[in-house]
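1. quick one, structure for this:
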Amino acid sequence: MRIGELAATVGVTTRAVRHYHHLGLLPEPERRANGYRDYTLRHAVVLARIRRLTELGLGLAEVRDVLADDAGRELVQVLGELDEDLARQESALRERRARLRVLIEDARLGRLPAEGPVSPELASLFGRFGSVLPESPMAAKDREVFVLLETTASPEARAELLAGLEAMVATPGAVERAHDAYALLDDLDGAGLDDPRVDEAARLLADLIPAELIPPDLDQDLGTGGSDTRGDGGGNGFLRAFFADFAPAQAEAVRRTFRILTEDRR
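-> Residues are numbered from 1 along each chain as shown. Predicted coordinates:
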């Protein structure tokens, strides 16, 4: 058989046949006097096996291991590993579809936050703050930061974040105090650093935020002794970007909130 006939017989492309030759998966055939490859039935059998194995999901390196083991023991092992991997993918796919069903239902009912998609847990927490918050620019920024943290955090840190937020929302009067804090912070846009509302907002936030939500090394990032002498969040690049997203008086209120909370832990 010529290479085109072999490829057509097995149902692959001639390019695939040449690639398998290059990788050493398919033995090179004898050549005729005119230089053309002369494939035999054995080549078709091997090529068909390569096709079946790749269709099962095996990588070409795994196919090589299977073909190299005449007794077939390697095939059993590789297929078992493939089955385990597919089971993990199947489980992950079921979990993703369950999450999508919740998000679809939230979107249908108008409960999906503008920052979405988010986890059902975070969407539920956002919903418990009420419909007033999306009208607050500071509340919108806060939600964006929570979505960012949930997305980038490790599973353990994410669980701690959600637990801390849950504890905060469950505290009697917390939602009302959060509304007051956001309104006060919104009013600080354009205010001076000496505005008395800066301290008022810091005290209100410190009373609202659970201390466990504050990273243990935040005082080092704020500067020596809990004072941000540089005024930019110390050496933490994320913290600098975080403060830079606020108006100066708003950033100072949040910075003083962090100082109060870190000092209370000492």
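2. make it CA atoms for all contacts and neighbour counts henceforth
-> Fine.
3. quick one: list the elements packing against the helix or strand where residue 263 lies.
-> Using DSSP states H and E, residue 263 maps to helix 248-264. Counting contacts by 3 or more C-alpha pairs under 8 Å, 6 or more residues apart in numbering; DSSP states H and E, helix 248-264 packs against helix 174-187, helix 196-208, helix 218-222.
4. per-residue pLDDT of the nearest residue to residue 102 once chain neighbours are set aside, please?
-> In space, and not counting its chain neighbours, residue 102 is closest to residue 120: 6.8 Å by C-alpha to C-alpha, 6 or more residues apart in numbering. For residue 120, the model assigns a pLDDT of 77.
5. pLDDT weak spots in the stretch 101-250 of the chain?
-> For the stretch 101-250 of the chain, applying pLDDT under 70 flags the ranges 103, 106-107, 109-116, 130-134, 215-236.
6. closest one to residue 5 among the helices and strands packed on helix 248-264?
-> helix 218-222 (69.1 Å; C-alpha to C-alpha).
7. from the contact counts, what lies against the host helix or strand of residue 104?
-> Assigned by DSSP H and E, residue 104 belongs to helix 73-108. If contacts are counted by 3+ C-alpha pairs under 8 Å, 6+ apart, helix 73-108 sits against helix 60-68, helix 120-128.
8. about what we covered before: the helix holding residue 263 to helix 174-187, inter-axis angle?
-> Angle, helix 248-264 to helix 174-187, by axes from the mean of the first three to the mean of the last three C-alpha atoms, to 10 degrees: 140 degrees.
9. that older thread, as JSON lines, the helices and strands packed on helix 73-108 with distance to residue 97 and mean neighbour count would be great.
-> Output for those, formatted as JSON lines (distance: least, C-alpha to C-alpha, whole Å; neighbours: other C-alpha atoms under 10 Å):
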{"stretch": "helix 60-68", "distance to residue 97": "30", "mean neighbour count": "17"}
{"stretch": "helix 120-128", "distance to residue 97": "13", "mean neighbour count": "16"}
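10. ok so, going back, with mean neighbour count and distance to residue 86 added, can I get the helices and strands packed on helix 248-264 in JSON lines?
-> As requested, the helices and strands packed on helix 248-264 are arranged in JSON lines below (neighbours: other C-alpha atoms under 10 Å; distance: least, C-alpha to C-alpha, whole Å):
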{"stretch": "helix 174-187", "mean neighbour count": "18", "distance to residue 86": "44"}
{"stretch": "helix 196-208", "mean neighbour count": "19", "distance to residue 86": "46"}
{"stretch": "helix 218-222", "mean neighbour count": "20", "distance to residue 86": "42"}
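11. out of these, which is closest to residue 78?
-> helix 218-222 (48.3 Å).
12. I'd like the next helix or strand past that closest one.
-> Following helix 218-222 in sequence order, the next helix or strand is helix 237-244 (DSSP H and E).
13. pLDDT (mean, whole number) over stretch 38-54?
-> Stretch 38-54 shows a mean pLDDT of 90.
14. need the contact partners of it.
-> 1-3, 6, 9-10, 12, 17, 26-27, 29-32, 60, 63 (C-alpha atoms under 8 Å, 6 or more residues apart in numbering).
15. dump the helices and strands packed on helix 73-108 to a markdown table, plus distance to residue 50.
-> Output for these, formatted as a markdown table (distance: least, C-alpha to C-alpha, whole Å):
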| stretch | distance to residue 50 |
| --- | --- |
| helix 60-68 | 7 |
| helix 120-128 | 44 |
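16. can you tell me which of the ones you listed is nearest to residue 83?
-> Nearest to residue 83 among the helices and strands packed on helix 73-108 is helix 60-68; the distance by C-alpha to C-alpha comes to 13.6 Å.
17. how far off centre is that closest one?
-> Averaged C-alpha coordinates place helix 60-68 at 33 Å from its chain's average position (C-alpha atoms, centre = their mean, to the nearest Å).
18. for stretch 36-54, same thing?
-> Taking C-alpha atoms, centre = their mean, the mean C-alpha location of stretch 36-54 is offset from the chain mean by 42 Å.
19. ok, residue 192 - contacts?
-> Applying C-alpha under 8 Å, 6+ apart, we find residue 192 in contact with 248-249.
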